[in-house]
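Engineer: Dropping the sequence and predicted coords here.
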Amino acid sequence: MRFPRLAVLAAAALAVHGLVHGAGEERLLFDVAVRVGFEGEAAGSASLRDDVAQALLAELRARGCFRSCRAAPYGETPRADLLLDVILKDLVEEVRYDQSLAEQARPQDPEQSLLGYSAMLSLEVEVSLAALPGGALVRDARLHVRAERRPRMPGDDARAAARADLLLDLARRARAEACRGSRKKLARGIASARGVP
């Protein structure tokens with residue numbers, strides 16, 4: 001039969017160009033490993049590192065440009081076509097209160113006192129996409145990510161809400177940097193970094 005043969009030829013043509021369609025988006029036929037760590041000797045929060053990795057993996061799976069993605073332990077060279085390296089630094093976490101300490105100790109309106117603060121987190125992030133093996137750079141970017149929240153009602157955890165906002169924004173922007181531009185141009189950049197003519 002002729003049609004299955006045409007389907008095989010069409011799939012082969014897509015593979016040659018390094019593109020596949022999935023979930024309504026064009027995806028590149030490359031596997032990417034995601035590695036998240038903190039800059040320098042001082043290790044940051046392991047839970048923040050893990051949360052960033054999970055948020056970024058979820059974003060890449062939902063709206064990314066690569067065939068597959070998986071987490072890679074920091075400090076190890078993963079088995080993948082590409083490495084998306086995310087370095088976190090200069091974490092700032094603040095809670096700002098509207099009232100003085102004396103007013104907090106003896107609030108006139110206890111319920112209002114529970115709402116009288118804001119939580120803020122900010123983070124500097126370096127994102128790089130490199131070809132494996134060898135680690136030739138495909139693209140890189142520096143991001144400043146910031147989130148601030150106030151409680152809306154007593155019992156709201158503004159810190160947790162600010163952290164969730166920060167993770168979502170960081171994941172979206174890191175994915176956007178890794179996948180920016182046309183898929184064909186990105187595929188050519190990856191091929192060049194891997195030494196493929």
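Structural biologist: Thanks, I have the structure now. Please read all numbers here as calculations on a predicted model, not as lab measurements.

Engineer: Tell me where the model's unsure across the protein.
Structural biologist: Low-confidence segments of the chain (pLDDT under 70): 1-25, 40-44, 99-116, 197.

Engineer: In contact with the closest residue to Ala178 other than its chain neighbours, which residues?
Structural biologist: Spatially, and ignoring its direct neighbours in sequence, Ala178 is nearest to Leu129 (5.1 Å; C-beta to C-beta, 6 or more residues apart in numbering). All C-beta spots, glycine's among them, are computed from the backbone N, C-alpha and C. When contacts are counted by C-beta atoms under 8 Å, 6 or more residues apart in numbering, Leu129 touches Val32, Leu82, Leu83, Leu84, Asp85, Leu137, Val138, Arg139, Asp140, Glu177, Ala178.

Engineer: if we go to 6 Å?
Structural biologist: Leu84, Val138, Arg139, Ala178 (C-beta atoms under 6 Å, 6 or more residues apart in numbering).

Engineer: Only alpha carbons, please: show the longest helix seen in the chain as CSV.
Structural biologist: Determined from DSSP state H, the single longest helix within the chain is helix 158-179. Extracted C-alpha coordinates of helix 158-179, given in CSV (Å, rounded to 0.1, in the frame of the first residue of the first chain):
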residue,chain,number,x,y,z
ALA,A,158,1.2,35.7,51.6
ARG,A,159,4.7,34.2,51.6
ALA,A,160,3.5,30.9,50.0
ALA,A,161,1.5,32.9,47.4
ALA,A,162,4.5,35.1,46.6
ARG,A,163,6.7,32.0,46.2
ALA,A,164,4.1,30.3,43.9
ASP,A,165,4.0,33.5,41.8
LEU,A,166,7.8,33.6,41.6
LEU,A,167,8.1,30.0,40.6
LEU,A,168,5.5,30.4,37.8
ASP,A,169,7.0,33.6,36.5
LEU,A,170,10.5,32.1,36.5
ALA,A,171,9.4,28.9,34.8
ARG,A,172,7.6,30.8,32.1
ARG,A,173,10.4,33.2,31.4
ALA,A,174,13.1,30.5,31.4
ARG,A,175,11.1,28.4,29.0
ALA,A,176,10.5,31.4,26.8
GLU,A,177,14.3,32.1,26.7
ALA,A,178,15.1,28.5,25.9
CYS,A,179,12.5,28.4,23.1
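
Engineer: before we move on, back to that, from the contacts of Leu129, which land in helices?
Structural biologist: Those of the contacts of Leu129 lying in helices (DSSP H): Ala178.
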